[in-house]
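K.L.:
show me how the following folds:
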Amino acid sequence: MRLRVVSGFAAVGSALALLCALPAPASTSRPPTCITVAASPNFVHDGTAACARLVVDPTSVLTVDVTTDHGRSWSRAAATGLTWGAASDFVAQPMFSPRFASDHRLFIATDVGLFVTTDLGKTFTAADTSIQAGSTVTPMLYVGGAGAFSGLWPGSRLFAVGLGAVDRRLDVASGLDAPVVGSASQYPIQILGPTSDSGGAPATIYALTQASSTSGQSGVWACDDNLTCSTPLATFTGLKPWRIWSAPLSGGGSALLVFAQSTSDSSSHLLRSTDGGKTFKSVAQIDTVFRKLHERAGTPQIGLAMNRRYPGLVLMRVEGFPAGARRAGDQPAEQIYRSDDGGATWRRMGYQWGIMQGSPTGNLPFNVMSFGYPTGTAPIELTSDGHVLVPAQLEEYTKAGLADLDGVYCSVDFAKTWHRTCPR
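P.N.:
Below you'll find the predicted structure:
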């Protein structure tokens with residue numbers, strides 16, 4: 001694959017008309033209903049996190065909730081100026097600037113553009129109407145050099161990258177963006193670059209690609225500061241990758257972890273590299289979990305969480321949707337796993353059965369994501385002070401009928417015990 005930055009800049013689109021209105025802000029100690037979540041990189045000091053929920057049918061509503069007290073209470077943000085299409089399905093993922101402590105920027109991309117707030121969601125402005133979120137893809141933030149423009153912008157810069165029909169990169173400080181053009185034979189689905197809030201962030205900028213419908217090769221590529229991703233690293237034959245993460249290692253460096261599916265039988269796999277993406281090996285222990293879920297529940301959804309303050313520690317949320325009553329050998333609908341060696345070995349910390357599997361007798365207080373439009377992953381967040389945040393709900397049948405307990409569930413002991421709101 002070869003990506004290059006076109007020299008001409010595209011002007012940022014004009015402000016959009018308000019397409020949809022949000023409910024009035026309201027403070028509450030009740031847990032918010034969300035399907036995505038993100039924490040400030042300075043959470044240990046500012047206690048700030050944000051979550052969002054999109055529901056399209058029957059009425060299009062996008063809500064944003066914020067906490068500033070380490071998850072003990074949440075309030076609904078007014079989100080004035082945040083706009084989206086009335087009937088579109090997209091990933092509304094809050095994204096904190098890696099420099100949030102100084103620039104106070106919080107981003108949310110919708111299907112009509114990338115929006116930014118500096119007052120914790122009270123007001124949003126359009127940062128770039130060309131960078132948009134899709135049904136399975138959300139833009140990414142990273143910190144890097146300006147490449148060919150380093151003479152104008154020396155030092156590191158904060159960039160937002162949107163991947164779609166035309167890939168684009170926004171220099172956040174200047175408000176200028178450039179189209180990023182890839183070859184016809186490759187389909188970049190994620191850019192993974194250095195950030196100040198994710199441990200083990202790679203010095204290299206990586207591109208994760210899928211083969212196009214007619215040609216090309218799925219794999220991992222190394223990019224330069226111009227987002228020219230012309231250095232091939234690993235290739236994935238017979239696999240379709242979906243997501244890549246960088247996990248800090250306790251001895252220094254990082255491990256790359258990739259979630260992929262087989263193109264022949266749709267089986268799911270967790271791949272791991274410790275040589276900078278040159279070679280990957282399947283994590284057999286987790287592949288077995290995926291295989292058992294696939295037999296009864298189809299393709300699992302997963303999410304990984306790590307933080308540079310805890311090198312070696314990786315948390316994984318695995319979610320399936322089993323059909324029919326529970327039988328011997330079935331995997332629970334919700335599971336949380338922990339690794340202390342950067343994803344090489346894992347142990348299960350908690351589980352819960354789904355509503356079709358019988359009584360909720362596991363130790364997790366949730367068994368499904370909140371209702372709404374799913375993210376394509378199972379959201380989980382590890383903060384800089386060890387809080388674990390998971391947007392979810394407990395769905396079960398009671399004497400009164402179907403009961404749903406929504407919330408951003410919280411653990412303050414690295415996924416050992418859980419609460420509907422954070423106790424501290």
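K.L.:
tell me which stretches of the chain form helices.
P.N.:
In the chain, the helices defined using DSSP state H lie at 43-46, 100-103, 284-297.
K.L.:
where's the closest residue to Gly113 other than its chain neighbours relative to Gly386, distance?
P.N.:
Once flanking residues are discounted, Gly113 sits nearest to Thr129: 3.8 Å by Cβ to Cβ, 6 or more residues apart in numbering. Yep, even glycine has a C-beta here, placed from its N, CA and C like the rest. As judged by Cβ to Cβ, to the nearest Å, Thr129 and Gly386 stand 38 Å apart.
K.L.:
between those two, which is the more surrounded one?
P.N.:
Thr129 (19 against 16; other Cβ atoms under 10 Å).
K.L.:
distance of the more buried one relative to Leu158?
P.N.:
Thr129 is 19 Å from Leu158, by Cβ to Cβ.
K.L.:
run through this protein and note the low-pLDDT ranges.
P.N.:
Applying pLDDT under 70 to the chain picks out residues 1-29, 181-186, 196-202, 213-215, 373-375, 399, 401.
K.L.:
hmm, try it at 50
P.N.:
1-27, 184, 197, 199 (pLDDT under 50).
K.L.:
which ones are touching Thr67?
P.N.:
Gly47, Thr48, Ala49, Ala50, Ser73, Trp74, Ser75 (Cβ atoms under 8 Å, 6 or more residues apart in numbering).
K.L.:
closest to Val172 out of the residues you listed?
P.N.:
Ala50 (17.6 Å; Cβ to Cβ).
K.L.:
could you find the closest non-adjacent residue to the closest one?
P.N.:
Ala50 sits nearest to Pro94 (Cβ to Cβ, 6+ apart), 4.1 Å away.
K.L.:
wait, the one you found sits on Arg105?
P.N.:
No - counting by Cβ atoms under 8 Å, Pro94 does not reach Arg105; the two are 11.1 Å apart.
K.L.:
so between these two, which is more surrounded?
P.N.:
Pro94 (23 against 20).
K.L.:
ok, what's across the strand from Val116?
P.N.:
Counting by DSSP bridges, Val116 is bridged to Phe107, Thr125.
K.L.:
can you give me the distance of it to Ser102?
P.N.:
For Val116, the distance to Ser102 - Cβ to Cβ - is 15 Å.
K.L.:
more neighbours: which of the two?
P.N.:
Higher neighbour count among Val116 and Ser102: Val116, with 23 against 8, using other Cβ under 10 Å.
K.L.:
who touches that one in this structure?
P.N.:
Val116 touches Arg105, Leu106, Phe107, Phe124, Thr125, Ala127, Val172, counting by Cβ under 8 Å, 6+ apart.
K.L.:
kindly provide the distance from the residue nearest to the first one when sequence neighbours are not counted to Asn42.
P.N.:
Sequence neighbours aside, Ser97 is the residue nearest to Arg105 in space, at 3.9 Å (criterion: Cβ to Cβ, 6+ apart). Using Cβ to Cβ, one obtains 10 Å as the distance from Ser97 to Asn42.
K.L.:
compare those two (neighbour count), which wins?
P.N.:
Ranked by neighbour count (other Cβ under 10 Å), Ser97 and Asn42 place Ser97 first, with 24 against 20.
K.L.:
how about the more buried one, what does it touch?
P.N.:
Ser97 neighbours (Cβ under 8 Å, 6+ apart): Asp103, His104, Arg105, Leu106, Phe107, Leu141, Leu158, Val172.
K.L.:
at 10 Å what do you get?
P.N.:
Ser97 is in contact with 40-41, 103-107, 116, 118, 141, 143, 158, 160, 172, 195-197, counting by Cβ atoms under 10 Å, 6 or more residues apart in numbering.
K.L.:
one more: Val314?
P.N.:
Val314 touches 199-200, 245, 247-248, 255, 257, 304-307, 337-344, 346, 382, counting by Cβ under 10 Å, 6+ apart.
K.L.:
so how far is Leu304 from it?
P.N.:
6 Å.
K.L.:
kindly report the same for Ser174.
P.N.:
The value you get for Ser174 to Leu304, if Cβ to Cβ is used, is 32 Å.
K.L.:
ok, now Gly276?
P.N.:
Distance from Gly276 to Leu304, by Cβ to Cβ: 18 Å.
K.L.:
more neighbours, those two?
P.N.:
Using other Cβ under 10 Å as the criterion, Gly276 and Leu304 rank with Leu304 on top: 23 against 18.
K.L.:
give me the spatial nearest neighbour of the more buried one, chain neighbours excluded.
P.N.:
Trp245 (4.8 Å).
K.L.:
Leu208 versus that neighbour, what's the distance?
P.N.:
Applying Cβ to Cβ to Trp245 and Leu208 gives a distance of 10 Å.
K.L.:
any residues in contact with both of the two?
P.N.:
Counting by Cβ under 10 Å, 6+ apart, the residues touching both Trp245 and Leu208 are Gln190, Leu192, Leu256, Val258.
K.L.:
show me the contacts for the first one.
P.N.:
To tie it back to what came earlier, the one meant is Gln190. 137-138, 140, 161, 163, 206-210, 220, 241-245, 258.
K.L.:
hmm, try it at 8 Å
P.N.:
Val137, Met140, Leu163, Ala207, Leu208, Arg243, Ile244.
K.L.:
okay if I get the contacts of Thr67 as a markdown table plus neighbour count and distance to Ile355?
P.N.:
Below are those laid out as a markdown table (neighbours: other Cβ atoms under 10 Å; distance: Cβ to Cβ, whole Å):
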| residue | neighbour count | distance to Ile355 |
| --- | --- | --- |
| Gly47 | 19 | 33 |
| Thr48 | 24 | 33 |
| Ala49 | 27 | 28 |
| Ala50 | 28 | 28 |
| Ser73 | 16 | 29 |
| Trp74 | 24 | 25 |
| Ser75 | 18 | 30 |
